[in-house]
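[1] Just the structure for this:
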Amino acid sequence: MQDNAPNGEKLLLSLKFFAVLLVIFSIADCIILATALEDINGKAALFMFTFFMPCFFITIVAAFISRLFWLLWIFRAEANLREVATTTFSPWIAVFFSFFPIMDAFILRDIVQNTERQLDAKQPNNPTTPINLKPVYIAFAFLAVNICCAFLLYSNHLSTTFPISITTGTIIIAGIIICLVRVIKPFLKKEQQLFQIHENEILNTLKKKVDEVLHNRKIEEAKFE
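    Next comes the predicted model:
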């Protein structure tokens, strides 16, 4: 096992920053839609658009960074769990499926539930409180519905309502990130706890082997005295 806490902390920080940018992006998008409807000459909408574009590019960069930290975190989390349990996803399979964001909920469930099972097995007298993943599932379900609605609107040539679907999708993604943060933050403590237990088990095993070697050596030395 390797300590995954640094990756988890970086992931949390990047997700929080990304969520803030998405909220700003959504507000700017709503203002652009409102000014575009009221401004006949389009000057106000043009002014807002100049503000909107830098915000858009910064949000894209933040999304890329947070995604990178997400991939690093789930890879190490699955790799660590593979040393003590049987997981649904291997580290590389989890990374592959993460390119389909809808799968993130299932990958997170695999990591969380397997970690909780291992903690309960290793600490039967101190069972852990399960983390509620339902808000994550619901948020991803809303995203799937929004994507389907956007596709139907676009395929039916209702391009005027398509920007509204994009704005709604942005708000839903911000909600997903908030749900992920609320799940990952307490989970990192459980992940670190399992890591410490595993490290202590390795140290205890090594100590027993050293004690056994020393004991056998004393027996051999006693034979020659």
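
[2] so where's this structure shaky on pLDDT?
    Applying pLDDT under 70 to the chain flags residues 29, 32-52, 153-166, 221-225.

[3] In it, which helix is the longest?
    Longest helix in the chain by number of residues, with DSSP state H as the criterion: helix 162-224.

[4] Which residues outside stretch 187-201 are in contact with it?
    1, 3-5, 8-9, 12, 77, 80, 83-84, 111-112, 115-116, 118-119, 122-123, 128, 131 (Cβ atoms under 8 Å, 6 or more residues apart in numbering). The C-beta positions use only the backbone N, C-alpha and C, and glycine is treated the same way.

[5] cool, and stretch 100-119?
    For stretch 100-119, the external contacting residues (Cβ under 8 Å, 6+ apart) are 70, 74, 77-78, 81, 84-85, 87-89, 94, 97-98, 127-128, 130-131, 133, 136-137, 140, 143-144, 180, 183-184, 187, 190-191, 193-194, 197.

[6] Likewise for stretch 136-143?
    101-102, 104-105, 108, 169, 172-173, 175-176, 179-180, 183.

[7] swap the cut-off to 6 Å and go again
    Applying Cβ atoms under 6 Å, 6 or more residues apart in numbering, the contact partners of stretch 136-143 are Ile102, Ala105, Ile172, Gly175, Ile176, Cys179, Val183.

[8] Over to stretch 77-85?
    With contact meaning Cβ under 6 Å, 6+ apart, stretch 77-85 is reached by Met1, Asn4, Thr87, Phe89, Pro91, Ala94, Ile111, Asn114, Gln118.

[9] Which strand or helix spans the last one?
    To tie it back to what came earlier, the one meant is Gln118. Gln118 is part of helix 104-122, with elements assigned from DSSP states H and E.

[10] Toward the C-terminus from that helix, list the very next helix or strand.
    Trace forward from helix 104-122 with DSSP H and E and the next one is helix 134-155.

[11] ok and that following helix relative to helix 104-122, angle-wise?
    Angle of helix 134-155 versus helix 104-122, following axes from the mean of the first three to the mean of the last three Cα atoms, to 10 degrees, is 170 degrees.

[12] Tell me the buried residues in helix 134-155?
    Under the neighbour-count criterion of 16 or more other Cβ atoms under 10 Å, helix 134-155 has Val136, Ala139, Phe140, Phe142, Leu143, Asn146, Cys149, Ala150, Leu153 buried.

[13] Make JSON lines out of those residues and add distance to Phe64.
    Shown next, in JSON lines, are the buried residues of helix 134-155 (distance: Cβ to Cβ, whole Å):
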{"residue": "Val136", "distance to Phe64": "22"}
{"residue": "Ala139", "distance to Phe64": "21"}
{"residue": "Phe140", "distance to Phe64": "20"}
{"residue": "Phe142", "distance to Phe64": "23"}
{"residue": "Leu143", "distance to Phe64": "19"}
{"residue": "Asn146", "distance to Phe64": "22"}
{"residue": "Cys149", "distance to Phe64": "26"}
{"residue": "Ala150", "distance to Phe64": "22"}
{"residue": "Leu153", "distance to Phe64": "27"}
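
[14] Can you tell me which of those is nearest Pro54?
    Pro54 has its nearest neighbour among the buried residues of helix 134-155 in Ala150, at 24.4 Å by Cβ to Cβ.

[15] Over to the nearest residue to Asp110 once chain neighbours are set aside: give its phi and psi.
    Nearest residue to Asp110 in three dimensions, chain neighbours excluded: Thr88, at 4.5 Å (Cβ to Cβ, 6 or more residues apart in numbering). Main-chain dihedrals, Thr88, degrees, to the nearest 10: phi -70, psi -40.
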